[in-house]
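Asks: dropping the sequence and predicted coords here.
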Amino acid sequence: MLISKKAIVFSIFLIITGIAAGAVGAHMLKSVLSVAQLQSFEVGVRYQMYSGIGVLALAALSQMFSSISNASLWFILGGTVCFSWSIYCLLALPDGHSLRGVLGPITPIGGGLMIFGWAWALVGILRRESVQ
């Protein structure tokens, strides 16, 4: 199975925006966020970068393992958006904002989706012999 061009493009988008968010965090948010908040922001950036790079690696491996599923990539990418971007939004919202109650649970759901996507990719690789 060929990996979707959209998944590759979206993973590159995550890398680009992850680099930009990391730069913003390093240069502009240090004076705005507390140390704990900055650490949370950095976790979001780190996982966003891991996912973007990881999906590109899976896309490369898909040439060797035809069983890597596009669905697993979309779970990883969707989970990353839920996880990382909910952290960014939570840090931007003031305490007591009504959306905080909605966004708070999205973070662990996103983490679960990422884990599921990676597990699905692993099962796909383990179930099949390499193409070569």
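Replies: Good, I have the coordinates.
Asks: all helices for the protein, in order.
Replies: Ranges of helices in the chain, per DSSP state H, are 5-27, 35-61, 70-80, 86-92, 99-127.
Asks: which of those helices sits most buried?
Replies: Comparing the helices of the chain by mean neighbour count (mean count of other CB atoms under 10 Å), helix 70-80 ranks first with a mean of 22. Where you see a C-beta, it was placed from the backbone N, CA and C, and this is true even at glycine.
Asks: so what's residue 87 closest to, chain neighbours aside?
Replies: residue 44 (3.7 Å; CB to CB, 6 or more residues apart in numbering).
Asks: mind listing what that neighbour touches?
Replies: Going by CB atoms under 8 Å, 6 or more residues apart in numbering, residue 44 touches 21, 83-85, 87-88.
Asks: out of those, what pair is the most spread apart?
Replies: Pairwise distances across the contacts of residue 44 peak at 13.2 Å for 21 and 83 (criterion: CB to CB).
Asks: any low-confidence regions in the protein?
Replies: 1-2, 129-132 (pLDDT under 70).
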